[in-house]
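Colleague: The amino acid sequence is not available; the structure is as follows:
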């Protein structure tokens, strides 16, 4: 029960009992930093990108409306040993899998959330958040917000440029557990919140576009680059003579532009993430020296790039230090399936969290191990100060099946690791043939999107790839560092 000032003055005993611990009404006074690339965006009009989106779900209100509405009593206090908290679990847009390293906070000001800067930009984990209180989700997706104002408050769930705001009612002097997954999931559409702008190049040997649908993105967000969706579809390697290629049109007959257009149009830097789905061949028609140089520039500016198997030539052909991050060899396919691999947890906190997450979501029965199907072994070696191994195998067949690169990279082999701005992912894991060796999802020039996609539960391998996609989208730090709660300015 809250005590009003008159009651406090009337009883010195009550004052002694209750003044010790205050319910958080105002929290710390914080502000949006001068750095325009703060993790939560920049100040601007609510109708600008990221500012006017609506939060979905029951009882939701538009991001541009409402704001912070707290208990009007500035002297409310809690009994000793009690505090006002909010707890819950962050989920992917589908509301199925918990997400690691997501930022959860109560904004420090009413009205619209500040819009994100459009296009490629550095997004560092040290960037401040405009919040009264902030927390980070763990390997189980759980978070605990302390010192939360009582009353109706806005709650933001954010991972990189994924962001969604809901309004919740907070009761004072207790934990307010959010058990409805819809309250703490990421957005499925632009009407629900912010989604990074993704360019996806389809491939005949994999179907990463189907994985994006399975994690919860609505079909309305898949369009051409002129269509306004947050996922722009391109068809890769279409000009390679005698080769098959991935899906090249929507079910309504709208054709995908060529991936070459992504580079020729000058719009590459309009995107946050670029995903190259495996073609089964080297894609010489798009991996020209000019396009490779543009992709390296994009990465160094803060861009995120997902390279699937045969797309390692984007690294192999780079006339830049990033070429030395890994050595590749297109060896024969591995006949052993499933192949037991290991998760790198040694001196690697994010790797340890990944191993725990895989076990939490049922993708791994033994902590630190992952069985993969249709495995490839493209990676011979890694440069330790340029690349971070995640999934590997010591015994034959050896290999590094998933690694990340913080960009820009060290120029010389013995140079210190520079502060990262962007991130590159390489994986030899596929979503196709990831479920017992059977290809349930596929991408093919004869099958319009999304007719090659299924809606079933994710396989263990697909779950691992989902973790990779969201980690790729998260804020950037030294890969071997422990993720920490972002700062708020007082």
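Modeller: Good, I have the coordinates. Bear in mind the structure is a predicted one, so any value in this text is a computation, not a measurement.
Colleague: Over to residue 80: give its phi and psi.
Modeller: Backbone torsions of residue 80, given as degrees, to the nearest 10, read phi -60, psi 140.
Colleague: Could you report the distance from it to residue 180?
Modeller: 31 Å (CB to CB, to the nearest Å). To be clear about C-beta, it is placed using only N, CA and C from the backbone, and glycine gets the same treatment.
Colleague: Among these two, which residue is more densely surrounded?
Modeller: When neighbours are counted by other CB atoms under 10 Å, residue 80 and residue 180 differ, and residue 180 comes out ahead with 13 against 10.
Colleague: show me what contacts the more buried one?
Modeller: Going by CB atoms under 8 Å, 6 or more residues apart in numbering, residue 180 touches no other residue.
Colleague: tell me what the helix ranked longest in the chain is packed against?
Modeller: For the chain, the helix with the greatest residue count under DSSP state H is helix 460-473. Where contact means 3 or more CB pairs under 8 Å, 6 or more residues apart in numbering; DSSP states H and E, helix 460-473 is packed against helix 208-214, strand 304-308, helix 349-360, strand 369-372, strand 399-407, strand 422-427.
Colleague: now with 7 Å?
Modeller: Counting by 3 or more CB pairs under 7 Å, 6 or more residues apart in numbering; DSSP states H and E, the packing neighbours recorded for helix 460-473 are helix 208-214, strand 304-308, helix 349-360, strand 369-372, strand 422-427.
Colleague: Run through who's touching it.
Modeller: Residues from elsewhere that reach helix 460-473 (CB atoms under 7 Å, 6 or more residues apart in numbering): 92, 97, 99, 159-162, 196, 211, 214-215, 273, 304, 306, 354, 357-358, 361, 363-364, 370-373, 402, 423, 425, 427, 429, 431, 434, 458.
Colleague: which of the residues in stretch 181-192 are buried?
Modeller: 181, 183-190, 192 (16 or more other CB atoms under 10 Å).
Colleague: Repeat that for stretch 444-452.
Modeller: The neighbour-count check on stretch 444-452 (16+ other CB under 10 Å) flags 444, 447-450, 452 as buried.
Colleague: Tell me the one of those nearest residue 132?
Modeller: Within the buried residues of stretch 444-452, the smallest distance to residue 132 is 40.9 Å, found for residue 450 (CB to CB).
Colleague: Just to check, the closest one is in contact with residue 214?
Modeller: No. In this structure, residue 450 is not within contact of residue 214 by CB atoms under 7 Å, at 10.5 Å.
Colleague: circling back: please tabulate the buried residues of stretch 181-192 in TSV and include distance to residue 129 and pLDDT as additional columns.
Modeller: TSV is the format used below for these (distance: CB to CB, whole Å; pLDDT from 0 to 100):
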residue	distance to residue 129	pLDDT
181	23	96
183	19	94
184	17	98
185	19	98
186	16	98
187	18	98
188	23	98
189	24	98
190	22	97
192	20	97
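Colleague: want to try a markdown table for the residues you listed, with secondary structure and distance to residue 392 as columns?
Modeller: Output for these, formatted as a markdown table (DSSP: H, G, I helix; E, B strand; the rest coil; distance: CB to CB, whole Å):
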| residue | secondary structure | distance to residue 392 |
| --- | --- | --- |
| 181 | helix | 33 |
| 183 | helix | 38 |
| 184 | coil | 33 |
| 185 | strand | 32 |
| 186 | coil | 29 |
| 187 | coil | 34 |
| 188 | coil | 34 |
| 189 | coil | 37 |
| 190 | coil | 38 |
| 192 | coil | 37 |
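Colleague: Of all pairs in those residues, which one is the farthest apart?
Modeller: 181 and 190, at 20.2 Å, using CB to CB across the buried residues of stretch 181-192.
Colleague: mind listing the helices in the stretch 251-400 of the chain by residue range?
Modeller: Per DSSP state H, counting those that start in this stretch, the stretch 251-400 of the chain carries helices over the ranges 259-264, 289-300, 313-316, 349-360.
Colleague: Check these for me: which has the lowest mean pLDDT.
Modeller: Among the helices of the stretch 251-400 of the chain, helix 313-316 carries the lowest mean pLDDT, a mean of 86.
Colleague: Now do the same contact list for the residue nearest to residue 253 when sequence neighbours are not counted.
Modeller: Once flanking residues are discounted, residue 253 sits nearest to residue 448: 7.6 Å by CB to CB, 6 or more residues apart in numbering. Applying CB under 7 Å, 6+ apart to residue 448 gives the contacts 247, 249-251.
Colleague: follow-up on the earlier one: now do the longest helix of the chain and strand 304-308, the angle between them.
Modeller: Relative orientation of helix 460-473 and strand 304-308, computed by axes from the mean of the first three to the mean of the last three CA atoms, to 10 degrees: 150 degrees.
Colleague: Can you check what angle separates helix 460-473 from strand 422-427?
Modeller: Using the same axes, to 10 degrees: helix 460-473 against strand 422-427 is 170 degrees.
Colleague: ok now helix 460-473, how far from the chain's centre?
Modeller: Put simply, helix 460-473 sits 9 Å off its chain's centre (CA atoms, centre = their mean, to the nearest Å).
Colleague: buried sites along it?
Modeller: By neighbour count on 16+ other CB under 10 Å, the buried set for helix 460-473 is 460-473.
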